Every structure is written in C-alpha cells, then in structure tokens.
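[1] Here is the input, now give the coordinates:
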Amino acid sequence: MLLQTHGMDLFYEVEGTGEPLLWLHGGMGLGRDWQYIFTGPPAGYQLIAPDQRGHGRSTGARATYRSTSSSCCEGRAASSCASRTVIAGG
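    Take a look at the predicted model:
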C-alpha cells in the first residue's frame, strides 16, 4: 500500500489481525525484513511494516535522518496508534 505523508510516498504492508505491531527495519533494510525474524505475522497482532523514508518503495531520501523519521506518527501507523502499539525492529 502507498500513503502520501510528510512530503513523501510511504510504502507499507499489513499482515495479520489484532493489536498493531509496528516493525521498523534496520539502516539498509526493508519493511519485509520482518520475515527474517518471524515465520509469519505474530499471533494476535496486525503487523505494519513500512519501507522507511528513502528505502525500498518509499520516497523522500534525505542526506541526513533524525529519529522522528521512523516515528509511529508517520504513515499508516498513525491511524493504528490508538491507545497502544507494540514497536519492534531489527
């Protein structure tokens, strides 16, 4: 899926159902890297896996990055971050 937000196109995939689980990939990774950690979406969770800014199918590459570039408020996660979201990364 593709969402226009914060001056960029943010690509993300959603797998499973349940409480939101936001997967943040490492420096040179992709959202799909969760598949190297889990054999499938964790039971009871809706896995939200974005390609972070400037990675994979997301646009908006910058010369420098800040920690807020990967925040819950960027993209699909914003609508899923009601009262509680689990955040994981690799």
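[2] need the longest strand for the protein.
    In the chain, taking DSSP state E as the definition, the longest strand is strand 8-15.
[3] Check which helices and strands that one sits against.
    Helices and strands touching strand 8-15, by 3 or more Cβ pairs under 8 Å, 6 or more residues apart in numbering; DSSP states H and E, are strand 2-5, strand 45-50. All C-beta spots, glycine's among them, are computed from the backbone N, C-alpha and C.
[4] Most tightly packed of those?
    strand 45-50 (a mean of 23; mean count of other Cβ atoms under 10 Å).
[5] And the contacts of it?
    Here strand 45-50 makes contact (Cβ atoms under 8 Å, 6 or more residues apart in numbering) with 10-25, 31-34, 38, 41, 58, 74-77, 80, 86.
[6] And the residue positioned nearest the centre of the chain, what's its pLDDT?
    Residue closest to the mean C-alpha point of the chain, counted by Cα atoms, centre = their mean, is Pro50 at 2.9 Å. We have a pLDDT of 91 for Pro50.
[7] Does it have any beta-bridge partners, and if so which?
    Tyr12 (DSSP bridges).
[8] What's the separation between it and Gly29?
    The gap separating Pro50 from Gly29 is 11 Å, by Cβ to Cβ, to the nearest Å.
[9] For the helix or strand Leu22 falls within, which strands pair with it and how are they oriented?
    Using DSSP states H and E, Leu22 sits within strand 19-24. With DSSP bridges as the test, strand 19-24 is paired with strand 45-50 (parallel), strand 86-89 (parallel).
[10] in it, what's buried?
    Residues of strand 19-24 classed as buried by neighbour count (16 or more other Cβ atoms under 10 Å): 20-24.
[11] Report the angle between it and strand 8-15.
    130 degrees (axes from the mean of the first three to the mean of the last three Cα atoms, to 10 degrees).
[12] Tell me the gap between strand 19-24 and the middle of its chain.
    Put simply, strand 19-24 sits 7 Å off its chain's centre (Cα atoms, centre = their mean, to the nearest Å).
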